[in-house]
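Participant: Okay, here's the prediction I keep looking at, along with the sequence it came from:
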Amino acid sequence: MNWYLGNYWYLLLLLLLPVIGYFIIHYIRWKSKRRNVFAEDRFQDVLFEKTSGFAKLFPVLYLLGFLFLILSIIDLLGGKEEISVQQNVNSTIFVLDVSNSMNAQDIQPSRLEEAKNIIINSLQKMTNDRVGIIVFAGDAYSVMPLSSDYSAAETYLSGIETSVIQNQGTDFLKPIQIAAQKFKNITKGSRNIVLISDGEDNEGHEDEAINLAKKEGIRVTTIGVGTEEGAPIPEYYFGQLMGYKSDMYGETVVSKLQTKALKNIANSTGGNYLDGNNLDNAINNLITELHKSSSSTKTTISSQSAVHYYQYFLAVSVLFFFLIYLFNPKRDFNL
């Protein structure tokens, strides 16, 4: 069995033992001198109460009593306890489309805000899941690594705008490549991507994205935001609305929800496509989807402070002091 000390600093209390011994010896000498002042040796047996032969051991008992008292304070520990905790844990990366079409307002207040609200409200229903955030358009960037800090995730989300990526478009492959790197140390049964997009401006890397997700054991749930009727794409300059996107002929571009690629990615990787236009339904359906892929992870926690032995040292200390009291004719703790 391995032994450990609970409070190492209390070892300094052992320095008190020589001090206590010093005072005990000087007290015995002082007491003997005081007797000689009152009477000669031949009269002391008559004048003073006789002490038992056991009383000669009182100084040793005092020192042993204090020694075991200090050891009880130090708290000697022994043994090793292992606790196995089994939890259902997911690792989920939210992949958020931040292309300019996500500013369209066919979903109020906008597609992007709807997508962010889906993520934020879903986080509030998660417990053990680790989450990360990747934003993408023509390029992709990791905004937050996998973490259980949901409040940090909400903070990151609040600052995401379409302007964070200059290269526009909708390239599904790049965010999945980044996610695959983030999932490197995660078991394949618990790798999840939640991809939220309007599906527009697909750059044709859909099949490559699917193949990579399947190879890496990543389950992709896609959520479409926007309507089939669509809406014009607002153009902002330093936060101010300057107009709406137009084509080369000056006609206003109407952005519409494109679900084909989103459904294909989800179905091909074992996930499902969800309608994100109804916030409550989207959140409930998403949580249900994530629970389907929860993997059971067993964590073993080893504790080296499992068994405390201070009570035994305290009991021995009390025993020594009790012997002093018991064999002292005056029933006290005087030497």
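Facilitator: Cool, got the structure.
Participant: C-alpha coordinates for the longest helix along the chain, PDB please?
Facilitator: Using DSSP state H to define each element, the chain has its longest helix at helix 16-38. Output of helix 16-38 as PDB, limited to C-alpha atoms (Å, rounded to 0.1, in the frame of the first residue of the first chain):
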ATOM      1  CA  LEU A  16       7.600  21.400  18.900                       C
ATOM      2  CA  LEU A  17       8.500  18.100  20.300                       C
ATOM      3  CA  PRO A  18      12.100  19.100  21.500                       C
ATOM      4  CA  VAL A  19      10.600  22.300  22.900                       C
ATOM      5  CA  ILE A  20       7.900  20.300  24.800                       C
ATOM      6  CA  GLY A  21      10.600  17.900  26.000                       C
ATOM      7  CA  TYR A  22      12.800  20.800  27.200                       C
ATOM      8  CA  PHE A  23       9.900  22.300  29.200                       C
ATOM      9  CA  ILE A  24       9.000  19.000  30.700                       C
ATOM     10  CA  ILE A  25      12.500  18.300  31.900                       C
ATOM     11  CA  HIS A  26      12.900  21.800  33.400                       C
ATOM     12  CA  TYR A  27       9.500  21.500  35.100                       C
ATOM     13  CA  ILE A  28      10.500  18.200  36.800                       C
ATOM     14  CA  ARG A  29      13.700  19.800  37.900                       C
ATOM     15  CA  TRP A  30      12.000  22.900  39.200                       C
ATOM     16  CA  LYS A  31       9.400  20.800  41.000                       C
ATOM     17  CA  SER A  32      12.100  18.800  42.700                       C
ATOM     18  CA  LYS A  33      14.000  21.900  43.800                       C
ATOM     19  CA  ARG A  34      10.700  23.300  45.300                       C
ATOM     20  CA  ARG A  35      10.300  20.200  47.400                       C
ATOM     21  CA  ASN A  36      13.800  20.500  48.700                       C
ATOM     22  CA  VAL A  37      13.000  24.100  49.800                       C
ATOM     23  CA  PHE A  38      10.100  22.900  51.900                       C
END
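Participant: can you give me the helices in the stretch 1-150 of the chain?
Facilitator: Secondary structure of the stretch 1-150 of the chain, counting by DSSP state H, counting those that start in this stretch: helices at 16-38, 41-47, 58-74, 111-123, 150-158.
Participant: what angle do the longest helix of the chain and helix 58-74 make?
Facilitator: In terms of direction (axes from the mean of the first three to the mean of the last three Cα atoms, to 10 degrees), helix 16-38 departs from helix 58-74 by 150 degrees.
Participant: What about I160, how many residues nearby?
Facilitator: 18 (other Cβ atoms under 10 Å). Every C-beta, even on glycine, is put in place using the N, C-alpha and C of the backbone.
Participant: Can you classify it as helix, strand or coil?
Facilitator: coil (DSSP: H, G, I helix; E, B strand; the rest coil).
Participant: Return the residues in contact with it.
Facilitator: By Cβ atoms under 8 Å, 6 or more residues apart in numbering, the residues touching I160 are L96, V98, L112, K116, I133, V135, V143.
Participant: Quick check: the last one vs A152, distance?
Facilitator: V143 sits 10 Å away from A152 when distances are taken as Cβ to Cβ, to the nearest Å.
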